[in-house]
Every structure is written in C-alpha cells, then in structure tokens.
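*Asks:* make a model of this:
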Amino acid sequence: MILTLPYRNVPAPRLGLFLLPTLIVGLAACGNAPGEERGDAAAGDPAVSPPPVTAPPVSDLEAEDGRAGPPNPAEGFVDPVDPPLERDLPGPSGGETNGGDGSSIVLQPLGAADIERIAPAGELACSFATEKGEAPLLLARADVTPDGAVSAAYKMGGTPYPAMQGRAGGFSDLSDGISLAARGLALRIEPTGADRAEHEGSVRPATLTVLRGDGGERTYTGFFTCGP
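*Replies:* Residues are numbered from 1 along each chain as shown. Below you'll find the model as predicted:
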C-alpha cells in the first residue's frame, strides 16, 4: 500500500544570505593586495625614481626679482656710425681758389697733437686764425735773436706739415709778416691793419695767402697774433 503525503512548499536553504558578506570581504581583500604590492615594489625598486625637478626659466626668475626678462638684442640697438675723417672736414671759409688745376686749396685748424708732432722751435710764437680765439691755420715760432730761423706748422688733408723761412730773420721778421716755404707751397702772411692787442704782444688784421706750385692761389682773411 502506498501512502501519499500532503504537498508542502519547503523554502530552499538561505545559504546565499550567509555567503554574500563573506564573498564581499574576500573580494575587497583581493583588490587591495595588488595595490599594496605595487607600492612596495615601487618603493624598493631602484629603477623607479620620482620625476626630476626642473628649474624655472630665466625669464621667470628675473620676473620674481622685479627685473625684465632677457634683453632682446634688436631693442635699443643703435647702428654705430663712424665719425668723419678729419681730412674730410671742411676748412675755414676764405676766398676761392684761383688758377692751378682747379682743385681747392684747404687749410685746416691745427690741434695740440699736430703742433706737438711738427714742434716748431723758438721762444716766441705767432699764429694766424680766421677768428679770434679759434684754432690757428698756421703757427710759427722764432727766437728773439735776429739771425734765428723761423719754423712753422700748417695742416692740409688731415696731416700736419712743417714750413720754414727761406732766410734768417728771427722774431722781429716774423711779427712783421713773413713768407714761408713748404711742401709744394708758399705761405705768405701780410698784416693789413693796426695792432688791436690789449695785452703783451700784438693782434693785427692780416691775410694768409697760400700759393701752390701749379699756380693755384687762395687767400684767407683773419688775425695775426704774436706773443710769448
């Protein structure tokens, strides 16, 4: 005889409820382990190093100091200009050059270095300039003795040259006006007026005539000053 038991819906064991927290804890532990291992490896591995520290650009450092960045060579650059050569400078105004090959005769003011280079000898000096107080176009020196020589200096084309008197006459001959022989030139000073000096010596209006070997001639008007 077969017995039949009445049917009941028996609920399945709730193992999942007990296993779920355990599974979550296990997964969390597994997830942290690789990270910790990587950290330990990075700390112990000499091949792994922190990124290098780079210095800020120079312009940033200068900006912190309150200065501008590196200068731009194109800013504030001034193209240098060579000064004109002394030989290219015009001489003092005077009469026009007449005769000769047509080229101008130009005397230039003497500087201290020019006079020192030629070094005219003598106790007393006379000079010719187109204006009072300006650098002379000609400087001559002589001794007081009447048989002394007269030596002089003048300048043309940026170069000083010597000039000499053709005969002995001393300072008295020089102060009254004189003719000098130079390199391819003759220089003649002629006083044209009375003495205007207010001190020892003399200052007279005069002309300086330059005679060139080819027949060219030019006359400058100015003052002839003589003294110690």
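*Asks:* which parts of the chain are helices?
*Replies:* 15-44, 58-64, 112-118, 170-175 (DSSP state H).
*Asks:* buried residues in the third one?
*Replies:* Across helix 112-118, burial judged by 16 or more other C-beta atoms under 10 Å covers Asp114, Ile115, Ile118. Backbone N, C-alpha and C define where each C-beta goes, glycine included.
*Asks:* next: stretch 98-113.
*Replies:* Neighbour-count burial for stretch 98-113 [16+ other C-beta under 10 Å]: Gly100, Ile105, Val106, Leu107, Gln108, Pro109, Leu110.
*Asks:* residue contacts, Ser103?
*Replies:* Contacts for Ser103 (C-beta atoms under 8 Å, 6 or more residues apart in numbering) come out as Thr97, Gly216.
*Asks:* distance of it relative to Gly184?
*Replies:* For Ser103, the distance to Gly184 equals 12 Å [C-beta to C-beta, to the nearest Å].
*Asks:* kindly report the same for Glu200.
*Replies:* 36 Å.
*Asks:* when those two are compared, which one has more neighbours?
*Replies:* Gly184 (11 against 7; other C-beta atoms under 10 Å).
*Asks:* any low-confidence regions in this protein?
*Replies:* 1-94, 166-168 (pLDDT under 70).
*Asks:* for it, just list every one of the strands.
*Replies:* 124-129, 138-142, 150-156, 159-165, 178-182, 185-191, 202-212, 217-227 (DSSP state E).
*Asks:* tell me which of the ones you listed sits most buried.
*Replies:* For these, the largest average neighbour count (mean count of other C-beta atoms under 10 Å) is found in strand 138-142, namely a mean of 26.
*Asks:* so which elements touch that one?
*Replies:* On a contact count with 3 or more C-beta pairs under 8 Å, 6 or more residues apart in numbering; DSSP states H and E, strand 138-142 meets strand 124-129, strand 150-156, helix 170-175, strand 178-182.
*Asks:* for these, which one sits closest to Arg218?
*Replies:* strand 150-156 (11.2 Å; C-beta to C-beta).
*Asks:* next, the angle strand 159-165 makes with that closest one.
*Replies:* On the basis of axes from the mean of the first three to the mean of the last three C-alpha atoms, to 10 degrees, strand 150-156 is oriented at 150 degrees to strand 159-165.
*Asks:* alpha carbons of strand 150-156, as PDB, please.
*Replies:* Provided in PDB are the C-alpha atoms of strand 150-156 (Å, rounded to 0.1, in the frame of the first residue of the first chain):
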ATOM      1  CA  VAL A 150     111.600 130.700 -38.200                       C
ATOM      2  CA  SER A 151     109.800 127.400 -38.300                       C
ATOM      3  CA  ALA A 152     106.100 126.800 -38.700                       C
ATOM      4  CA  ALA A 153     103.300 124.200 -38.900                       C
ATOM      5  CA  TYR A 154     100.200 124.000 -41.000                       C
ATOM      6  CA  LYS A 155      97.700 121.300 -41.900                       C
ATOM      7  CA  MET A 156      96.100 120.000 -45.100                       C
END
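*Asks:* show me the contact partners of it.
*Replies:* Here strand 150-156 has contacts from 105-110, 114-115, 118, 120-122, 137-142, 160-165, 169-171, 173-174, 178, 180, 182, 187, using C-beta under 8 Å, 6+ apart.
*Asks:* pretty sure Ala197 sits against Val203.
*Replies:* Yes. Between Ala197 and Val203 there is a contact at 4.3 Å, judged by C-beta atoms under 8 Å.
*Asks:* quickly list what's touching both of those two.
*Replies:* With C-beta under 8 Å, 6+ apart, Ala197 and Val203 have common neighbours Thr225.
*Asks:* having no further points to raise, I will conclude here.
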